[in-house]
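**Q** need a structure here:
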Amino acid sequence: MRLFIAINFEENMIDALCEMQDDLRQSGVTGNYTRPENMHTTLAFIGEYDDPEQIEEVLKGLPLRSFNIKLTGCSPFKDMYFGNIEENENLHDYVKRLRHALAENDIPFDRKKFLPHITLVRRAEKTKSIPILSEDQYEESMRVKGISLMKSERGKHGMIYTEIGYVAAF
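**A** Next up is the predicted model:
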């Protein structure tokens, strides 16, 4: 099964991200918009792996202290638009420890540099000039209270992400 480790969002964050998407649509951006129920920040993409219990054990063995994350606007990247997450030492520290623990347990993962973001639009095309979307109008934050192990499956209308494990923060 196709797996990844993520932070799922609370309603206030999803509302702010949906507002960004609405503004992008009104600004003439077309493409494959991420459905609200699929919005998350990936901490480690595992890919095809048949032992989710092993990954969950690694997560349970990795202390996670609750911390805040803050949304700070959106930006284009290649043929996508991302919701940006403010630089956060606690988040980077956890991801570094998570990836180290995965490697120590011989769990494969995508080793690309971690850049915290939320994918808002894939295969984006501009039908007219896109105005700069102000960071201030989308500022939203939430407390990270846990980390999710997610399964990704192709559905009739796109990807379906299902939480199959969760580790609470302290």
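
**Q** work out which residue lies at the spatial centre of this structure.
**A** residue 41 (1.3 Å; C-alpha atoms, centre = their mean).

**Q** which residues of this protein score low on pLDDT?
**A** Where the chain drops to pLDDT under 70, the residues are 127-136.

**Q** mind running it again at 80?
**A** Scanning the chain for pLDDT under 80 picks out the ranges 126-138.

**Q** where do the helices of it begin and end?
**A** For the chain, the helices defined by DSSP state H cover 11-26, 52-60, 89-104.

**Q** and the first one, what does it pack against?
**A** Using 3 or more C-beta pairs under 8 Å, 6 or more residues apart in numbering; DSSP states H and E as the contact criterion, the neighbours of helix 11-26 among helices and strands are strand 67-77, strand 80-85, strand 117-126, strand 140-144. Every residue, glycine included, has its C-beta placed from N, CA and C.

**Q** show residues contacting that helix.
**A** 9, 33-34, 36, 39, 71, 73-74, 81, 83, 118, 120-121, 124, 130, 133, 138-142 (C-beta atoms under 8 Å, 6 or more residues apart in numbering).

**Q** only whichever of the residues you listed are buried, select them in PyMOL.
**A** To isolate in PyMOL the members of those that are buried, counting by 16 or more other C-beta atoms under 10 Å, one can use:
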select buried, resi 9+33+34+39+71+73+74+81+83+118+120+121+124+133+138+140+142
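
**Q** now the closest residue to residue 119 other than its chain neighbours: phi and psi?
**A** Take residue 119 and drop its neighbours on the chain: the residue closest to it by C-beta to C-beta, 6 or more residues apart in numbering is residue 34, 5.5 Å away. Dihedral pair for residue 34: phi -70, psi 130, per degrees, to the nearest 10.

**Q** against residue 83, how distant is residue 34?
**A** Separation of residue 34 from residue 83 (C-beta to C-beta, to the nearest Å): 9 Å.

**Q** now for these two: what residues contact both?
**A** In contact with both residue 34 and residue 83: 118, 119, 120, using C-beta under 8 Å, 6+ apart.
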